[in-house]
Every structure is written in C-alpha cells, then in structure tokens.
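[1] Give me a model of this one.
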Amino acid sequence: MRIPVALIFTLLVAMNGISQAAEEFKSEAGKFSLTVPAPMNEKTQEVETGAGKITVHMYLSEIASGAYLAFYSDYPAEAVKQVGAKSILDNARDGAANNIKGKVTREKEVELDGHPGREFDVEAKLNGADVKITARLFLVDNRLYMVYVAYKVEQGSAEEIDKFLNSFKLLK
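    As a prediction, the model looks like this:
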C-alpha cells in the first residue's frame, strides 16, 4: 500500500512537540477504535495491488508532534488464502518503507485478538528532516489494518506513540 510522500512530508513539516488531550475514535465501518490526540479526518483512495483494485480507508489525526494514522483495506478473500498472511504483512511493511525511501530498523511479530501482525520502525530522510514511522499491521480475515505514527526523530515521544498503538482495538 502506497501513501503519497508529499502527504507524509506535509504532516511532518510543522511538528514541534506539542502534546494534546486524547479522545476516543470509533470507525463502525472499519470495526475498530483507538485513542487519538485530535479529531480524525477520513479519506478513501483506490489503489492497484497484485490482488486487483482495493479501496483504502485512511484516517488522520494531526498534531504538532506527529501524524497519527489508521488505514484499513479489504482484500479479496481468495487472494488472502493464496498469498498468505505472512506475505501480505511483509508486503505492507515493505510498501510503507519504500514509499518514503526508508529503511526498516526494527521489527517484531505481534498479535491482536489472535490475528497475526507486525510492529516495525522505518527511518528516512524527507527534505532534510530525519523522520521515523512506528507502525503496527494486523491481518484480520481479509482486512488489513495499518496503524502508525509519523514524526521527526527528535520529537517522537515513546509514551505517546505506545499509547496510540496500544489503544487500537477491534470492535465486535
């Protein structure tokens, strides 16, 4: 999944470390909730993949210290069966890194309610700024969730990042 570099850079340009009060966000359509530092804005985009065209649902909460994002997209069930969870998660991780010409610097396998996932960091340089993305991906049946924080390296707060990533929950 590719996210425009210009979007990520625009989100990072004005960041200066200001923290905000958290609020709960729920996506009934996406069947998830999380705690965000500011209201979420939603956008959808059609993306060509090896499994065909899919719709990516993007949610963005932006504050001075970083951009907090959640994405989900539904893949054809048959494609998920053929390719497998590991390959889908690996490809999504690689796409996130390649999209900003970054390098994966940390990775581990994680789970959410028994569903496979990945947690990883990507570091890159965007217009002279050292940027880092800390992300978690989960494959739930044929739905891929991506939750991440993008921030300038010197402004990232491990506490805020963990709070956001740990707040991601699936709705029943």
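[2] those helices in this protein, which residues are they?
    Using DSSP state H, the helices of the chain run over 5-13, 77-83, 85-99, 158-166.
[3] Mean neighbour count, the ones you listed: which tops it?
    helix 85-99 (a mean of 17; mean count of other CB atoms under 10 Å). Quick note: C-beta positions are derived from backbone N, CA and C, even for glycine.
[4] Kindly spell out which helices and strands sit in contact with that one.
    Applying 3 or more CB pairs under 8 Å, 6 or more residues apart in numbering; DSSP states H and E, one finds that helix 85-99 contacts strand 103-112, strand 115-126, strand 129-140, strand 143-152.
[5] quick one, it and strand 143-152 angle?
    Going by axes from the mean of the first three to the mean of the last three CA atoms, to 10 degrees, helix 85-99 is angled at 30 degrees with respect to strand 143-152.
[6] remind me which residues of this structure are low pLDDT?
    1-21 (pLDDT under 70).
[7] Highest mean neighbour count out of the helices and strands packed on helix 85-99?
    Comparing the helices and strands packed on helix 85-99 by mean count of other CB under 10 Å gives strand 143-152 as most buried, with a mean of 23.
[8] Partner strands of that strand, with direction?
    strand 66-74 (antiparallel), strand 129-140 (antiparallel) (DSSP bridges).
[9] relative to helix 158-166, how tilted is the first one?
    Right, strand 66-74. 20 degrees.
[10] all numbers from here: first residue = 8
    Sure, I'll start counting at 8 from here, so that last one is strand 73-81.
[11] mind checking how far stretch 113-129 is from the chain centre?
    12 Å (CA atoms, centre = their mean, to the nearest Å).
[12] ok, now stretch 118-130?
    The answer for stretch 118-130 is 10 Å, by CA atoms, centre = their mean.
[13] what does stretch 97-105 contact?
    8-10, 109-111, 114, 125, 127, 129, 131, 140, 142, 144, 151, 153, 155 (CB atoms under 8 Å, 6 or more residues apart in numbering).
[14] and if we set it to 7 Å?
    With contacts defined as CB atoms under 7 Å, 6 or more residues apart in numbering, stretch 97-105 is touched by Met8, Arg9, Lys110, Val111, Arg125, Phe127, Val129, Ile140, Ala142, Leu144, Leu151, Met153.
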